[in-house]
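Undergrad: Please find the sequence and the predicted model below.
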Amino acid sequence: MQKHNPKSQLFSTKASPKSETAVMENRHMLPYSNALFWSSTNPQDNLPHGKKLHSLGAPLIAFCLGTVVISGCSTVATETAPTSKASQAAIVALEKKYDAAIGVSLRDAKGKVLLEWRSRERFPLTSTVKALECARVYELGLENHYAPIKTTPIVPHSPVYGKVDPDTQVTLKEACRAALSQSDNRAANFIFVHTGGPKALTEWLRQKGDNTTRSDRLEPDLNLSGKNEYRDTTTPSNASLNWQRFDSTLPQAAREQWLSDLASNQMAGNLFRSRLPENWTLYDRSGAGSDEYCATRANHAILVTDKGVRYYAAVHLKAPAGTPMEKRDAILQQAIEVVYAHLQSR
C-alpha cells in the first residue's frame, strides 16, 4: 500500500485547533477514474474496492405538485401545524416585506419540533450538502482514504485546493475539512468522486430514514435551483432532523470529527454565529445559490446552550432573482433572530 507524507496543513482555521493535527498514517489509496459513480446500489458497496464504475445517465423529472411561485422560485404549498403563532407571524412578516419564501425548522435534543414554517417545502441544498457528505464519510470510516487532487477538476470557489500541485495527495478527512471550513467546491466534488457520487449519498440518507432529501449533481451545478427543480433539494424539517440524528447516532469518533469540522466554518459569520448568545456553542454549515429564477441562502446548525442543552435548526431563504448576497444574509439573519427569540422565550 502506497504511503506518503503530504503537507498536513494546506489550510488553517482559528475556529478549531484540531485542523492543525497531522493527518493519520495508514491511509488507503483511492483509485483514480474519470467516471463518477460506482455501480452498486448499496451504499456500503459504493466504496473504492474495485467496483465497476459508470456514470449516471437516467433523466431526472421535476414534478410540479401544487406549487406556488414566489419571485420565480417554486415552493410546495403545504404547511405544518403551528407551534408558535407569534414566531410564525414574525416570519410571515419578513416574507411579505422582502417578497421571499422562508423555511424554518427548529427541534430539541429528542427531535421534537419547537418551531416550523414552510418546514415541508423543498428548498435547494446548496453547500449544506457538504455536511451530509462528511457525516457519511466519517460514519463509514473513509476519512483516511486518499487520492491525487487531479482526480477531480478545478471548479469555481476552491480556496484550498484550487491552485495546489495536481499530484498532491488528499485524504477524505482533509477534503471534508476544506469543504466544511471554507466551502471548497473542489474538495466537495473530490468527496463525491471517491465515495460513490450524489446517488450513493441519497441512498445513504434513505437508509437513515430521510425519504425526501436528494443529491443529484456536483458543485457548482447543484446550486442552480431552477423553476420547479427537485434535484439537490431538502426540506427544513428533514434538514433539522438529519442533524439531530447524526449528532445522536454517529459513532463517537465520527461524531467528534464531524462536529470539529462544522465548528470550523468560516463562511457564515453573519448568520447564526452573529447572534449566538454568550457561552453558547455553534456547529453549522451554510449555502447559497443564484440563477435566473431566484437567489437562495441557507444555514443549518446545532446550537448548544451554556447549560449544554442542544437544539437543531435549519433556516432557508428563496428571494427574488438578483438579490445580492448581502441582502440575502440580512433577511436570513432576521429569520434567525426569530429562532433565537423563540428559544429564549421558552
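TA: Right, received. Where do you want to start?

Undergrad: quick one, strands of this protein?
TA: Per DSSP state E, the chain carries strands over the ranges 28-29, 37-38, 53-54, 67-70, 73-76, 101-108, 113-117, 123-124, 145-148, 169-171, 233-234, 281-290, 294-304, 310-320.

Undergrad: Look up how far residue 216 lies from residue 226.
TA: For residue 226, the distance to residue 216 equals 11 Å [CB to CB, to the nearest Å]. (Glycine included, C-beta is placed from N, CA and C.)

Undergrad: Same check on residue 296?
TA: 16 Å.

Undergrad: Listing request: residues of the stretch 101-250 of the chain with sub-threshold pLDDT.
TA: In the prediction, the stretch 101-250 of the chain carries no residues with pLDDT under 70.

Undergrad: Residue 110: how many residues sit nearby?
TA: Neighbours of residue 110 under the rule other CB atoms under 10 Å: 8.

Undergrad: go on, residue 324?
TA: 11.

Undergrad: out of residue 296 and residue 216, which sits in the busier spot?
TA: The neighbour count for residue 296 versus residue 216, taken as other CB under 10 Å, is higher for residue 296 (27 against 20).

Undergrad: for the more buried one, what are its contacts?
TA: Contact analysis of residue 296 by CB atoms under 8 Å, 6 or more residues apart in numbering lists 73, 123-124, 126, 223, 225, 287-290, 316-319, 328.

Undergrad: Report the contact partners of the spatially closest residue to it that is not a sequence neighbour.
TA: Sequence neighbours aside, residue 289 is the residue nearest to residue 296 in space, at 4.6 Å (criterion: CB to CB, 6 or more residues apart in numbering). Contacts here follow CB under 8 Å, 6+ apart; on that basis residue 289 touches 124, 126, 223, 224, 225, 295, 296.

Undergrad: same deal with residue 166?
TA: Contacts of residue 166 by CB under 8 Å, 6+ apart are 148, 149, 150.

Undergrad: can you list those in CSV and add distance to residue 108 and neighbour count?
TA: CSV is the format used below for these (distance: CB to CB, whole Å; neighbours: other CB atoms under 10 Å):
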residue, distance to residue 108, neighbour count
148, 44, 16
149, 41, 25
150, 45, 14
